[in-house]
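A.B. asks: Give the three-dimensional model of this entry:
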Amino acid sequence: MRFDQHTVVLLVRPADAPELPLDAADRLQDAHLAHQAGLVEQGHVIAAGPFVDQDDERLRGFAVLSVDPTMARELYANDPAVRAGRLAVRVASWMVPEGNVRFESVPVPRSMLEAAAGD
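C.D. replies: Residues are numbered from 1 along each chain as shown. Next up, the predicted model:
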């Protein structure tokens, strides 16, 4: 059997994440979303999104990338939320039977306002 290999990034909230005032947290989230959208536009991220209704609140988001794990670490080291210590990055290779998972190119939000707009 053949396998496709993807790089996945798990974004987690560290135990020592700094507390921020709401307006600063909102600005940081917008910067994180803009960074993520830039990675999508560059073709590095092929799917990404937040976790909701998770059992572990530290789990914040998940991304599938078209680059190797080393490059994924480098790309996410530049994420403003990672640099600020609000998110930490866990990287792994994910193998699935060839053709089992397909990704479509769709727009992603660059800010919380875009995400809230729905369409």
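A.B. asks: Below-threshold pLDDT in the protein: ranges please.
C.D. replies: 118-119 (pLDDT under 70).
A.B. asks: quick one: contacts of the longest helix along the chain?
C.D. replies: For the chain, the helix that runs over the most residues, judged by DSSP state H, is helix 22-41. For helix 22-41, the external contacting residues (C-beta atoms under 8 Å, 6 or more residues apart in numbering) are 20, 45-46, 48, 63, 65, 75, 78-81, 84, 86-87, 108-115. Just so you know, the C-beta spots here come from the backbone N, C-alpha and C atoms, and that holds for glycine as well.
A.B. asks: just the buried members of those residues?
C.D. replies: 45-46, 48, 63, 65, 75, 79-81, 84, 86-87, 108-111, 114 (16 or more other C-beta atoms under 10 Å).
A.B. asks: S66 and H6: what is the separation?
C.D. replies: S66 sits at a distance of 8 Å from H6 (criterion: C-beta to C-beta, to the nearest Å).
A.B. asks: and for those two, which residues touch both?
C.D. replies: Any residue near both S66 and H6 by C-beta under 8 Å, 6+ apart counts here, and that gives I46.
A.B. asks: higher neighbour count, those two?
C.D. replies: Set side by side, S66 and H6 show more neighbours around H6, with 19 against 16, by other C-beta atoms under 10 Å.
A.B. asks: how much space between that one and D16?
C.D. replies: Remark: distance between H6 and D16 (C-beta to C-beta) = 30 Å.
A.B. asks: Likewise for G61?
C.D. replies: Separation of G61 from D16 (C-beta to C-beta): 19 Å.
A.B. asks: ok, now V106?
C.D. replies: When distances are taken as C-beta to C-beta, V106 and D16 turn out to be 35 Å apart.
A.B. asks: H44 now?
C.D. replies: When C-beta to C-beta is applied, the distance between H44 and D16 equals 28 Å.
A.B. asks: Those two: which is more packed in?
C.D. replies: With other C-beta under 10 Å as the criterion, H44 and D16 differ in neighbour count, and H44 comes out ahead with 18 against 7.
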